[in-house]
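# Structure, please.
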Amino acid sequence: MKFSIGIDIGGTKSAVLLGNPQGKEGPEKFILRREAFETKKAGGPMGAIQKMEETIHRILQEKGLSTEDIIGIGVSCGGPLDSRRGVIMNPPNLPGWDNIPIKQMLEKEFGLPVALENDANACAVAEWKYGAGRGYDNVIFLTFGTGLGAGLILDGKLYRGSSDMAGEVGHVRMERWGPVGYGKMGSFEGFCSGAGISQMARMKVLERIENGMSQDLCQGMEDLDQLNAKDIAIAADRGDELAIEIYRLCGEQLGRGLAMLVDILNPEIIIIGSIFQRCRHLLWPYAERVMKREALEASAAACVVVPAQLGENIGDYAALVLAEYNFGEKEMAGNE
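Numbering: from 1, shown residues only. Next comes the predicted model:
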């Protein structure tokens, strides 16, 4: 039996994982070991990578494994990055991680092949192989968390584009007005992300306060910065009209964005994570209506839109699956 090593690098926490994605038990069973640490407390990129290497060595020793038992290492990280060269460029949530050749460093340390992908691509592969995308050849995965990005599986292959920038749908401008996301007012990410929902709430609450209108989302001006997507969803669930209005606006823009993706890429399935998983009931009625109105009828009819299946641990699965996706098939072919 061959195992995989995964590394999920996040702005807050990073995790090192050992697993067996080639097993048939399903994703909830193939993570054999997980160790996490706070990324920023590791002493910059060199300190964090050293901690990753030490953790991998320790896990292999504790499990009685050698590098000969490992098919490869998958690294999932926020972009921008260069997956072909294996270089982390300068992710906004990882200050100081500028032009870090993590693939070269890990290959030198372990003598194993290393695959680096941005987190949206990695999650797309995970959902395609083990989640809601199983059995489909044309899959779009939307992150819909703090920001908005997409991973694309087209004709049964991960599509990265010519410079690893395919799927940056959050940068597309939906309106000339609206919350800022991806550095652009009125962008898809501005409307459809946790940060964007918070911005919309602050705008709407401020408008009501300054016009002397009542609202229950916050106590006053001093609490505006504390508004977040989760609190607004809770308020919407208890019937707060302003909170429902904010999610309606988000849902309608989501529908426009989905229609655009459906018309351009003609996918079989669009899988949406994070906020959509938790708040589908607040978003989908509006998004579905707009998507069906704006998309080509034949294209919309060929596509289903579903929440992600792998839940809050999708980053763990994604990192592990990268090794299997890039190196596992070669390994299995060599053993036939």
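# Quick one: the helices in the stretch 201-336 of the chain, in order.
229-237, 241-265, 275-294, 297-301, 314-323, 329-335 (DSSP state H, counting those that start in this stretch).
# so which of these is the most packed in?
Mean neighbours per residue, mean count of other Cβ atoms under 10 Å, is largest over those for helix 314-323, with a mean of 29. Where you see a C-beta, it was placed from the backbone N, CA and C, and this is true even at glycine.
# Please enumerate residues in contact with that helix?
For helix 314-323, the surrounding residues in contact (Cβ atoms under 8 Å, 6 or more residues apart in numbering) are 4-8, 10, 15, 17, 19, 21, 27, 30-31, 34, 70-76, 115, 117, 119, 122-123, 125-127, 129-131, 273, 308, 310.
# Relative to Lys204, which of the helices of the stretch 201-336 of the chain is closest?
helix 241-265 (5.9 Å; Cβ to Cβ).
# relative to helix 275-294, how tilted is that closest one?
If you take axes from the mean of the first three to the mean of the last three Cα atoms, to 10 degrees, helix 241-265 sits at 60 degrees to helix 275-294.
# burial count for Asn266?
16 (other Cβ atoms under 10 Å).
# quick one: contacts for it?
Applying Cβ under 8 Å, 6+ apart, the residues contacting Asn266 are Asn138, Ser299, Ala302, Cys303.
# repeat for Val114
Gly72, Ile73, Gly74, Val75, Gly86, Ile102, Lys103, Leu106, Glu107.
# Tabulate those (a markdown table), appending distance to Leu142.
Formatted as a markdown table, the contacts of Val114 follow (distance: Cβ to Cβ, whole Å):
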| residue | distance to Leu142 |
| --- | --- |
| Gly72 | 27 |
| Ile73 | 26 |
| Gly74 | 21 |
| Val75 | 22 |
| Gly86 | 25 |
| Ile102 | 26 |
| Lys103 | 27 |
| Leu106 | 29 |
| Glu107 | 32 |
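# Sort out for me which of the residues you listed are in helices.
Ile102, Lys103, Leu106, Glu107 (DSSP state H).
# Which one of those residues is nearest to Ala287?
Ile102 (36.7 Å).
# Relative to Phe144, how far out is that closest one?
Distance from Ile102 to Phe144, counting by Cβ to Cβ, to the nearest Å: 26 Å.
# Counting neighbours, go ahead and name the busier of these two.
Neighbour totals were compared for Ile102 and Phe144, and Phe144 leads with 27 against 23 (other Cβ under 10 Å).
# In ChimeraX, select just the buried ones from the contacts of Asn266.
Written as a ChimeraX command, the selection of buried residues from the contacts of Asn266, which uses 16 or more other Cβ atoms under 10 Å, is:
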select :138,299,303
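# which strand residues sit across from Ile271 in the sheet?
Beta-bridge partners for Ile271, by DSSP bridges, are Phe141, Val306.
# That one and Tyr130 touch, don't they?
No. Using Cβ atoms under 8 Å, Ile271 is not in contact with Tyr130, being 11.7 Å away.
# more neighbours, those two?
Set Ile271 next to Tyr130 and count neighbours by other Cβ under 10 Å: Ile271 wins out with 28 against 22.
# Can you tell me how far the more buried one is from Asn138?
Distance from Ile271 to Asn138, by Cβ to Cβ: 12 Å.
# In the stretch 101-250 of the chain, what residue spans correspond to strands?
Listed in chain order, the strands of the stretch 101-250 of the chain (DSSP state E, counting those that start in this stretch) span 114-118, 139-142, 150-154, 157-159, 180-181, 184-185.
# And the ones you listed: which comes nearest Met165?
strand 114-118 (9.3 Å).
# What pairs with the closest one, parallel or antiparallel?
Assessed with DSSP bridges, strand 114-118 is paired to strand 70-77 (parallel).
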